[in-house]
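Enquirer: Make a model of this:
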Amino acid sequence: GVLFWASTGIQWRDLPERFGPWQTVYERFRRWRDDGTWATLLGALLRSADRAGLVDWSLFCVDATTVRA
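Expert: Model prediction:
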């Protein structure tokens, strides 16, 4: 449910019923955010992609919608 929410951008309350109660899915997301699970997953994915030669560390992007210029 969390991955569906993240990939679609829908509101929590609009999650399809197949994922269970939206409150449960949200609480899981919040717990994982607060305990560092998401940061750990991202780090593992980046390390794996880097070992496979899929990451070009010379490239980067700053999203001007969230950074004051």
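Enquirer: In the protein, where is pLDDT below threshold?
Expert: Along the chain, segments meeting pLDDT under 70 span 63-64, 66-69.
Enquirer: run the last query once more with 80
Expert: For the chain, the stretches flagged by pLDDT under 80 are 59-69.
Enquirer: Tell me how many other residues surround residue 15.
Expert: 21 (other Cβ atoms under 10 Å). In this view, the C-beta of every residue, glycine as well, is placed from N, C-alpha and C.
Enquirer: For the nearest residue to it once chain neighbours are set aside, which residues are in contact?
Expert: Residue nearest to residue 15 in three dimensions, not counting chain neighbours: residue 22, with 4.6 Å by Cβ to Cβ, 6 or more residues apart in numbering. Contacts for residue 22 (Cβ atoms under 8 Å, 6 or more residues apart in numbering) come out as 1, 12-15.
Enquirer: Quick check: of these, which lies closest to residue 49?
Expert: Using Cβ to Cβ, residue 1 is the member of the contacts of residue 22 that lies nearest residue 49, at 24.9 Å.
Enquirer: Measure how buried that closest one is and give me the count.
Expert: Counted with other Cβ under 10 Å, residue 1 comes out at 18.
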